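> sequence plus the predicted model coming up.
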Amino acid sequence: MLIVFNPAAGGRRRRRLARALEALGLQGLRPDVAETARPGHATELARDAAGRGVGMVVAAGGDGTIAEVASGLAGSAALLGILPFGTANVLAWELGLPPGPENAARVLTAGRAAVLRPGSARFGDGSSRLFVQMVGAGFDAAVVANLDLSLKRRVGKAAYVAQAAKELVRYPFPRFAAALDDAEPEAVVSAIVTKGRLYAGRHLLAPDAAPGEPGFQVALFRGGGPARAALYGAALPLDLLPRLPGVEIRRAARVRLGASAGPVPVQADGDPAGMLPVEVVDAPGPLWVMLPTGPGGD
Ligand SMILES: Nc1ncnc2c1ncn2[C@@H]1O[C@H](COP(=O)(O)OP(=O)(O)OP(=O)(O)O)[C@@H](O)[C@H]1O
C-alpha cells in the first residue's frame, strides 16, 4: 500500500495523516507514504507505484488529489483508496466514506472494492484531464479560479462563500453553447457536468446521478446575472437547487461546451482547469475504489 499525501492544506492535514497511520499500524500495516511536491505530482507517484505492482494506492487529500491519483492508476489493476483530507471532499461524501481518519483507514483494510467511472475533459489545446466528480464552466469556475488559497487554509469552505460574493459583482456571465450528445447546442451561462449527486460538499445537485455508471448528469443554468447566481447560491445548502426555475438537469454520454460570448473559465473537481472549449466523455476504463462494507456489500 502506498499513501500519496498532499500536504498543501497545512498542519491539520498532517495530524489527520498521523491518526490514519496509527490506526493502520494497530492492524499491523506500515504503508509507504509519498508527499506531493507540486500539482500533478500525485499522478506521477501513483503511476510509478502501479507500475511496480503496488496493490493499493491511497489518495490522502481532497478531490483534486483523488483525481490526480486516479489518473495515475488508469489502466492498472491497483485499487484506489481514499483518506478524505480535503476541504469539500465531495467524492468522499458521495461514496459514503466515513468522516474521521481512523474510520477512513478502516475502509482501506476492511472495505469492499467497487467500480468508479471517472470522466475525461478534453480542452481546445488538445490536453486532457481526468476527473472523479465534476467539471463546471461559468460562475462556479470563476469562484474556484480566483479563490484566496490562504483564506481557504484558514477558514475552509467559507472561503468559497466569500469569493462567490466577490464574483457576483464582477463576473460578466457570458453565454456559451452546451451540446449534449447529438442534440443542437443550447445557450447557457453555467454548466456542471457531474458523475455524482452532490456538489460543494454534501449539497444535492443531481439526484439521479450514480458514480459507478457510465455517462453524466448535466446541470444547465440558463438565467444569467448576479441576482440569479445569488439565488442559486442560497438554494444550494437547502438542497433546492435542482428544483429552481432556469435550472435543467439532463443525462448525457458526451457534453461539448464552447462557442462563448467571452472567456469562460472551467473547473475540474474544484481546481482551476483552464478555459472553454471543453468536451467531456467517460474516461477509457473504470477504476476500483475501496468503499465501506454496508448493508448489501460483500
Ligand atoms: N505540494 C503541493 N503544493 C501545492 N499544491 C499542491 C501540492 N501537492 C498537490 N497540490 C495541488 O493541490 C490541489 C488541491 O488539492 P485537493 O483538491 O486535494 O485539496 P482541497 O482543494 O483542499 O480539497 P477539495 O478539492 O476536496 O476541496 C491539487 O489539485 C494538487 O494539484
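Arrived safely, thanks for sending.
> can we go C-alpha only for contacts and neighbour counts from here?
OK.
> name the residues of the chain found near the ligand, please.
Proximity of the chain to the ligand (CA under 6 Å from any ligand atom) is limited to residues 6-9, 36-40, 61-65, 86-89, 270-271.
> counting only strands, which of the residues you listed make the cut?
Cross-referencing these against strands under DSSP state E gives 61, 271.
> list only buried entries from the residues of the chain next to the ligand.
6-9, 36, 40, 61-65, 86-89, 270-271 (16 or more other CA atoms under 10 Å).
> what does the helix or strand encompassing V161 rub up against?
For V161, the element it lies in under DSSP states H and E is helix 158-170. Defining contact as CA atoms under 8 Å, 6 or more residues apart in numbering, one finds that helix 158-170 is touched by 139-140, 142-144, 146-148, 151-152, 225-226, 229-230.
> okay, buried residues for it please.
Of the residues in helix 158-170, those with enough neighbours to count as buried (16+ other CA under 10 Å) are 159-160, 163-165, 167-168.
> residues in contact with the nearest residue to P292 once chain neighbours are set aside?
Leaving aside its sequence neighbours, P292 sits nearest to G111 (CA to CA, 6 or more residues apart in numbering; 4.6 Å). For G111, the contact set (CA under 8 Å, 6+ apart) comprises 290-293.
> restricted to buried residues, select these in ChimeraX.
The following ChimeraX line selects those of those that are buried, judged by 16+ other CA under 10 Å:
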select :290,291,292
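> quick one: end-to-end length of stretch 23-42, please.
23 Å (CA to CA, to the nearest Å).
> actually stretch 67-87, not the one I typed
One end of stretch 67-87 to the other measures 14 Å (CA to CA).
> how far does it sit from its chain's centre?
For stretch 67-87, the distance from its own C-alpha centre to the chain's C-alpha centre is 12 Å (CA atoms, centre = their mean, to the nearest Å).
> now it: average pLDDT?
Mean pLDDT, taken over the full extent of stretch 67-87, equals 95.
> check which element follows the host helix or strand of A141 along the chain.
Remark: A141 resides in helix 139-145, with elements defined by DSSP H and E. Next helix or strand after helix 139-145 toward the C-terminus (DSSP H and E): helix 149-155.
> got the CA positions of that next one in CSV?
Extracted as CSV, the C-alpha positions of helix 149-155 are listed here (Å, rounded to 0.1, in the frame of the first residue of the first chain):
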residue,chain,number,x,y,z
LEU,A,149,-5.9,29.9,-1.0
SER,A,150,-4.6,31.2,2.2
LEU,A,151,-8.1,32.1,3.3
LYS,A,152,-9.2,28.6,2.3
ARG,A,153,-6.5,27.1,4.5
ARG,A,154,-7.7,29.2,7.4
VAL,A,155,-11.5,29.0,7.2
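> tell me which residues of that helix come out buried.
Counting neighbours by 16+ other CA under 10 Å, one finds that the buried residues in helix 149-155 are 152-153.
> and for stretch 112-127?
Buried positions in stretch 112-127, judged by neighbour count with 16+ other CA under 10 Å: 112-114, 116-123.
> same check, this time on stretch 83-96
Residues 83-95 are the ones in stretch 83-96 that count as buried (16+ other CA under 10 Å).
> so how far is that stretch from its chain's centroid?
Distance, stretch centre to chain centre, for stretch 83-96: 9 Å (CA atoms, centre = their mean).
> for the remainder of this discussion, apply numbering that starts at 13.
New numbering, starting at 13: the last item is stretch 95-108.
> what is the end-to-end distance of that stretch?
For stretch 95-108, by CA to CA, the gap between its terminal residues amounts to 12 Å.
> okay, strands next: where are they in the stretch 163-310 of the chain?
Taking DSSP state E, counting those that start in this stretch as the criterion, the stretch 163-310 of the chain contains strands spanning 188-192, 198-200, 202-206, 210-211, 215-216, 228-233, 259-264, 267-270, 277-280, 283-287, 290-294, 299-303.
> if you could redo that for the stretch 13-162 of the chain, that was the one I meant.
So, for the stretch 13-162 of the chain - with DSSP E, counting those that start in this stretch - the strands run 14-17, 44-47, 68-73, 91-96, 124-128, 131-135, 140-143, 146-149.
> who does the last one touch, helix- and strand-wise?
In other words, strand 146-149. With contacts taken as 3 or more CA pairs under 8 Å, 6 or more residues apart in numbering; DSSP states H and E, strand 146-149 sits against strand 202-206, strand 277-280.
> any idea how far that strand is from the chain center?
Its chain's C-alpha centre lies 9 Å from the corresponding centre of strand 146-149 when counted by CA atoms, centre = their mean.
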